[in-house]
Each structure stands twice: as structure tokens, then as C-alpha cells.
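got a predicted structure here, sequence first:
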Amino acid sequence: MKPLSKLALSTLSISVFIFFSACNFNQEKTPVEKVGQLSIDGVHLVDQKGKPIQLTGMSLFWSQWIGKYYNYDCIKWLKDDWKCTVVRAALAVGSGGYTTNPEKELEKIETVIDAAIDIGIYVIVDFHAHQAEFNLEAAKTFFGHISQKYGNYPNIIYEIYNEPLMVSWSEVIKPYSEAVIEVIRENDPNNIIVCGTPRWSQLVNEAALDPIDGENIAYTLHFYAGTHNKRLMEIGDEAIEKGLCIFVTEYGTTEANGDGPVYVSETLEWYEWMNKNKISHCNWSIADKAESSAALTIDADSLGGWGEDLIKPSGKLVRKELLKKYKQLLK
């Protein structure tokens, strides 16, 4: 075979360079590359250009009880196959969680954070408690560490109180939130902080009457489609009218106890409401628990790769919405 001339070799090299450059140029951006640094403008979560956006994804289950999905492969599968643009890592605080085994539970959360950063999606770091005001020092320690280690990454969203009980916003939840926010802002002046609200994070209208002074602060509204109806949407509307930015960090397609039937039409109504208001949301939950709100069947692989036979009705309903929202975000 006759060897190639120098001119032919040069032409071939240029062609190869152009081919691989074109492949790289056409590669789809990750959600974080597309959206960039999040901020809040009025009632909206906005991207780096100030455009209102919706992040949509899945919440993991309480870290101490179903921690097997807190791994890199699972998070990557949720991004690649379920098209999650955000995942929620639910740090269990009590019941054998962080206050009992801080190093073990922290490692799970950091594994999810590291995975989210590597694959280019957002991650909600959730202090998953119902009485966090009694664990203020633990919350300050945890969020001080997380904000110091990860505060320079745009991927991070801090959810500082999952679901307060029937306690006062102004007298209990707000002072707790302000104390934790102060710790975070010492390390991270920019990333979004989401505050819990009274009655299992439903009474966002109460927070709207006495909001926290600060930038890039959102408020969470939680719902379960089989239990919470249009009245809760109206409460959300009241808060929005008063200027609050709402983030649905947790919702279910079932009744509030996590079981019973999947309420398809009611869930679709909630999707319509959230889409109308461009509210970001995470579904509860990536778990293989024997309850209707768990997205997966018993013993579904911890590393992802779930076929249709391993996804329960709730998971199929939610995944369909995630695929649709992903296309809208990245177009």
C-alpha cells in the first residue's frame, strides 16, 4: 500500500479535528451548563440570564431507612433515563439519622452531591425533620459544613427545614431559618435557600405575611394529590400574589400517608398549577418501599437500570412528566 503524502496526512488530520470538534459542539449541555447560576427574581426561580425556569426531579427517601439509592450510578440513571434536572437528598435528622450517626449520614449526602456536580444537575440538600427547631445547633453544623465545602458550586440548593408541624411561622420557624441562613451565607452568598412553612410545609401564605429579609430565598409547599385539593392551590396563589417564590420540594401522587391509590387526575391538576406558575418540584420518592408513593417495586436495583416492570404506577406517571419538562428546559 502506498504511504500517504504529507499533504494527504495534513488534510486527514484537519478532517479528523473538524469531525471531533463538531461532535463536541453538538453535544447536549447538562442542565447546569444550560441554566447556570440560579437566582430568584420576584416570584420566579430564574436562570443565569434572568429567564424563569422550572427544575423537576425526584426526592430520595429518608437517608437512614432506604439509603441504598444514595449512590453515583442511581443519580446518573435518574439524570440520563428519568431526565431529572434536580434530585433531593433527604438527610434524616432523627430516628437513627444524623443526630445519632452524623458521619454515616453525611457520607450519603455528600455522595449524592458529588454525583450531581459531576453529571451536571442540581441537588437539594434537605434537612429532613419535623421539629428542626430542637436541632438548631445540628442544623448549623451541617449546613456550615456543606456550604463551606460546596458553596462555590451552582448545583447546590439548601432546604433547611423539611416539614415543620403546627407551629408559629414568626415565632418558631422564621427565627430558626434566619439562624441557619446566617451560617450558610457566611460561606455561600448566592445559592438558593428554601425555607419550610407551617403545617407540614403547606401554609406558605403565613410566611408571605412576614417574609425573611434576604436574597435568593424560596419557600416550600408540599402536597399529596389524594389529600390536598384546590384549597391548597389557593393558599399557594395567595403567597404568590404577596411576592413569595414557591418551590415544591416534595409532593406525592397518593394520599398524605404515602399509600392508597394513585390519584392521576388530581396529580395532573397539580402539574397544571405548577406549570402555570413555573414552580419547580420533586416527587416523593425514589424508594422500593411497599407503599404507593414509592416509585419502584420491592428490591429494584440500587444502581438504577429499572425497566418498566420495576417502576410502579406513581413512578410511571411522574417519569412521563419529567421527560416532558426536560425537553422544555433544554430546548
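Sure, I can see it. Residues are numbered from 1 along each chain as shown.

contacts for the helix or strand harbouring residue 140?
Element membership for residue 140 (DSSP states H and E) is helix 136-150. Helix 136-150 is contacted from outside by 91, 93, 98-99, 102, 106, 109-110, 113, 117, 125, 127, 132, 156, 158, 160-161, 176, 179-180, 183-184, 186-188, using C-beta atoms under 8 Å, 6 or more residues apart in numbering. C-betas here are computed from N, CA, C, even on glycine.

in the stretch 201-331 of the chain, which spans are helices?
In the stretch 201-331 of the chain, the segments counted as helices under DSSP state H, counting those that start in this stretch are 204-209, 230-241, 264-276, 313-330.

to residue 43, which of those lies closest?
helix 230-241 (5.2 Å; C-beta to C-beta).

list the buried residues in that closest one.
Within helix 230-241, the residues that count as buried by 16 or more other C-beta atoms under 10 Å are 232, 233, 235, 236, 237, 238, 239, 240.

and which of the residues you listed is nearest residue 53?
Of those, the one sitting nearest to residue 53 (C-beta to C-beta) turns out to be residue 240, at 16.3 Å.

pretty sure that closest one sits against residue 277.
Yes. The pair residue 240 / residue 277 is scored as a contact, 6.2 Å apart, by C-beta atoms under 8 Å.

what touches both of the two?
By C-beta under 8 Å, 6+ apart, residue 240 and residue 277 have these common neighbours: 43, 246.

correct me, but residue 194 touches residue 125?
No. Counting by C-beta under 8 Å, residue 194 does not reach residue 125; the two are 9.8 Å apart.

tell me the helix or strand right after the lowest-mean-pLDDT helix or strand in the chain.
Counting by mean pLDDT, DSSP states H and E, the chain has its least confident helix or strand at helix 6-25, which shows a mean of 42. The helix or strand immediately downstream of helix 6-25 is helix 31-35, counting by DSSP H and E.

distance from the chain centre to that next one, please.
With C-alpha atoms, centre = their mean, to the nearest Å as the basis, helix 31-35 stands 15 Å off its chain's centre.

run the chain-centre distance for the helix or strand following it.
Sequence-wise, the next helix or strand downstream of helix 31-35 (DSSP H and E) is strand 39-41. Distance of strand 39-41 from the chain centroid (C-alpha atoms, centre = their mean) equals 16 Å.

so for strand 39-41, mean pLDDT?
Averaged over strand 39-41, pLDDT sits at 98.

just checking: what are the partner strands of it?
strand 44-46 (antiparallel) (DSSP bridges).

what pairs with the helix or strand harbouring residue 87, parallel or antiparallel?
Secondary structure from DSSP H and E places residue 87 in strand 86-92. Strand 86-92 pairs in its sheet with strand 56-60 (parallel), strand 122-128 (parallel), by DSSP bridges.

give me the angle between the shortest one and helix 313-330.
Translated: strand 56-60. 140 degrees (axes from the mean of the first three to the mean of the last three C-alpha atoms, to 10 degrees).

name the residues of strand 56-60 that are buried.
Of all the residues in strand 56-60, those buried under the rule 16+ other C-beta under 10 Å are 56, 57, 58, 59, 60.

chain center to it: distance?
5 Å.
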